[in-house]
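S.K.: The following comprises the amino acid sequence and a computationally predicted model.
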Amino acid sequence: MKGKGWKSRKLIVALIGATLPVVNEVLGLGLPIEAIVTSIVSLIGFIAGETVIDAKRASLRVR
């Protein structure tokens, strides 16, 4: 993980998910709460999937 910094896809996706509700409120986009929740749940699913892939890669490197 050292040296990845802002190139981490999981970090970028997490930041997008965290800022979506704030941007919606500040800019008055009018997105319904269901759309925001659906988007965030999808992003969480992506992060979980990437975590599983990373764990699998790490376990293969150890062997």
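M.R.: Looks like it arrived, so ask away. Everything numeric in this text was worked out from a predicted model, so none of it was measured.
S.K.: can you pull the contacts of residue 10?
M.R.: 47, 50, 51 (CB atoms under 8 Å, 6 or more residues apart in numbering). C-betas here are computed from N, CA, C, even on glycine.
S.K.: what about 7 Å?
M.R.: Neighbouring residues of residue 10 by CB atoms under 7 Å, 6 or more residues apart in numbering: 47, 50.
S.K.: in the helix or strand harbouring it, what's buried?
M.R.: For residue 10, the enclosing helix or strand under DSSP states H and E is helix 9-27. Residues of helix 9-27 classed as buried: 10, 13, 17, 20, 24 (neighbour count, 16 or more other CB atoms under 10 Å).
S.K.: mind checking how far the first one is from residue 33?
M.R.: The spacing between residue 10 and residue 33, counted by CB to CB, to the nearest Å, is 25 Å.
S.K.: re earlier: for the helix holding residue 10, give the mean pLDDT please.
M.R.: Averaging pLDDT along helix 9-27 gives 94.
S.K.: after it comes which helix or strand?
M.R.: Downstream of helix 9-27, the first helix or strand assigned by DSSP H and E is helix 33-62.
S.K.: and residue 24, how far is that from residue 37?
M.R.: In terms of CB to CB, residue 24 sits 12 Å off from residue 37.
S.K.: Need the residues touching each of the two.
M.R.: The contact sets of residue 24 and residue 37 do not overlap (CB under 7 Å, 6+ apart).
S.K.: Can you list phi and psi of residue 28 for me?
M.R.: Dihedral pair for residue 28: phi 60, psi 40, per degrees, to the nearest 10.
S.K.: my bad, should have said residue 31
M.R.: Taking degrees, to the nearest 10, you get phi -70, psi 130 for the backbone angles of residue 31.
S.K.: let's have the chain start at 53 instead
M.R.: In the new numbering, first residue 53, that becomes residue 83.
S.K.: ok now stretch 85-93, how far from the chain's centre?
M.R.: Here the centre of stretch 85-93 is set off from its chain's centre by 13 Å, with CA atoms, centre = their mean, to the nearest Å.
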